[in-house]
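Q: What shape does this take:
(one chain, ligands or ions: 1)
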Amino acid sequence: MNLAPRAAPSAAGPSALPTLAALRARGVPIVMLTAYDYPTARIAQAAGVDVVLVGDSAANVVLGYNSTRDISIDELLMLTRAARRGVQGVPLVGDLPFGSYEPSDATAVITARRFVEEAGCDAVKLEGAGAMIPRVRAIVAAGIPVVGHVGLLPQSVVTPEGYRAQGRDVEQALQIIADSVALEAAGCAALVVEAVPAAVATLITERVTMPVIGIGAGAGVDGQVLVFHDLLGLGDGHVAKFVQRYADGRAVLESGARRWADDVRSGRYPTESHTYAIAPEALAAISERLGRG
Ligand code: KIV
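A: You can find the predicted model right below:
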């Protein structure tokens, strides 16, 4: 495979995710954020992101599983539908969960169709290359844009130690670069590159024409993606080295809930302003009728 920089368009063509392709063409950084329900999708849209990903990271940050391998198609579809209701005019990418696309091209197309038809996705994302290349081709041939995902592949991680940067040695870096080129040739409309050295992600970006969106992949890519709960401090566990917190959402929400609980216990809530009035005559009539009963 020729891994020299090139400029040919992807098989699916840039129009598969036109706003992202246009941003890459103009050299404007792409902002992708995950969202998993109506309110987080509304926040992402109001914040002006370019694309929303309903990631299978929902398994961890929303459903409390230890692994993204644990979320089912139906669980992720339900969250994706809710996110879709919160986003208008912004492309929505649905993650295909573990086990829902690997077995065969037919399975991959059936699952991808569910995410488009039942949840309104504009594109689907799947992890890996190699044996997944025919799956990408099949989904693209069915008319559904695909976002690839290389580098750290959470669906392939089976122990906590597996969450580590990829492509730090020559052979692995060359493999990730070759995988990226192969994914574009198979028709991917965009690519997520997770947890690889910045220099390797830059080499990928120079060798494909599809938009490359990094997470822990440095600044030499076309855009960045982060998990909503990591970005806004909603989780209470370990976060990866590449996460920068822009809010302490958990502290804000916890403090609000605690102050309300304190107010209920001390009688400061509810006040007059939180209650519905009733006309004195109506109340007197009710009392009279109750008295009669
Ligand atoms: O599931 C997810 O949220 C993802 C992003 C981290 C890219 O795949």
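Q: use CA for all of it now, contacts and neighbours both
A: Fine.
Q: thought residue 56 was touching residue 96?
A: Yes - taking CA atoms under 8 Å as the definition, residue 56 is a contact partner of residue 96 at 7.4 Å.
Q: neighbour-wise, which of the two wins?
A: residue 56 (30 against 25; other CA atoms under 10 Å).
Q: What strand or helix carries that one?
A: In this structure, residue 56 sits in neither a helix nor a strand according to DSSP states H and E.
Q: What of the one 4 residues further on?
A: Using DSSP H and E, residue 60 sits in helix 58-61.
Q: what about that helix and the ligand, any contact?
A: No - if you take CA under 6 Å from any ligand atom as the test, helix 58-61 misses the ligand, and the best it gets is 6.8 Å.
Q: model confidence over that helix, on average?
A: The average pLDDT for helix 58-61 rounds to 97.
Q: first to last residue in stretch 57-71, what's the distance?
A: By CA to CA, to the nearest Å, the extent of stretch 57-71 from end to end equals 9 Å.
Q: Closest residue of the stretch 51-200 of the chain to the ligand?
A: Nearest residue of the stretch 51-200 of the chain to the ligand, counting by CA to the nearest ligand atom: residue 55, 3.3 Å away.
Q: Would you agree that residue is in contact with residue 36?
A: Yes - if you go by CA under 8 Å, residue 55 and residue 36 touch, sitting 7.5 Å apart.
Q: ok, these two, which is more surrounded?
A: residue 36 (29 against 24).
Q: Which helix or strand contains that one?
A: Counting by DSSP H and E, residue 36 is part of no helix or strand.
Q: ok, now which ones touch it?
A: Neighbour list for residue 36: 54, 55, 58, 62, 79, 80, 82, 83 [criterion: CA atoms under 8 Å, 6 or more residues apart in numbering].
Q: how about a cut-off of 7 Å?
A: Counting by CA atoms under 7 Å, 6 or more residues apart in numbering, residue 36 touches 54, 58, 79, 80, 83.
Q: and the gap between it and the ligand?
A: Applying CA to the nearest ligand atom, to the nearest Å, the value for residue 36 to the ligand is 9 Å.
Q: Tell me if residue 235 really is in a helix.
A: No - using DSSP: H, G, I helix; E, B strand; the rest coil, the secondary structure at residue 235 is coil, not a helix.
Q: any idea which helix or strand comes after whatever helix or strand residue 176 lives in?
A: Following DSSP H and E, one finds residue 176 within helix 170-186. Next along the chain after helix 170-186, taking DSSP H and E as the criterion, comes strand 190-194.
Q: Show me which positions of the helix or strand hosting residue 259 end up buried.
A: Taking DSSP H and E as the criterion, residue 259 maps to helix 249-266. Judged by neighbour count using 16 or more other CA atoms under 10 Å, the buried positions of helix 249-266 are residue 249.
Q: how about the helix or strand following it as CSV, C-alpha atoms only?
A: Next helix or strand after helix 249-266 toward the C-terminus (DSSP H and E): helix 280-292. Only the C-alpha atoms of helix 280-292 are listed here, as CSV (Å, rounded to 0.1, in the frame of the first residue of the first chain):
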residue,chain,number,x,y,z
PRO,A,280,-61.3,30.8,49.7
GLU,A,281,-65.0,30.1,48.6
ALA,A,282,-63.8,26.9,46.8
LEU,A,283,-61.8,25.8,49.8
ALA,A,284,-64.8,26.5,52.1
ALA,A,285,-67.0,24.5,49.8
ILE,A,286,-64.6,21.6,49.8
SER,A,287,-64.4,21.6,53.6
GLU,A,288,-68.1,21.7,53.9
ARG,A,289,-68.6,18.8,51.5
LEU,A,290,-65.9,16.8,53.3
GLY,A,291,-67.5,17.6,56.6
ARG,A,292,-70.8,16.4,55.3
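Q: avg pLDDT for helix 280-292?
A: Mean pLDDT, helix 280-292: 95.
Q: quick one on the thing from earlier: what packs against the helix or strand following the helix holding residue 60?
A: Remark: after helix 58-61, the chain's next helix or strand is helix 73-86, criterion DSSP H and E. When contacts are defined as 3 or more CA pairs under 7 Å, 6 or more residues apart in numbering; DSSP states H and E, helix 73-86 packs onto helix 38-46.
Q: hmm, who's touching the helix it packs on?
A: Helix 38-46 has contacts (CA under 7 Å, 6+ apart) with 33, 35, 82, 83, 85, 86, 87.
Q: Closest one to residue 170 out of these, please.
A: Nearest to residue 170 among the contacts of helix 38-46, counting by CA to CA, is residue 33 at 30.6 Å.
Q: three-state assignment of that closest one?
A: Classified using three-state DSSP, residue 33 is strand.
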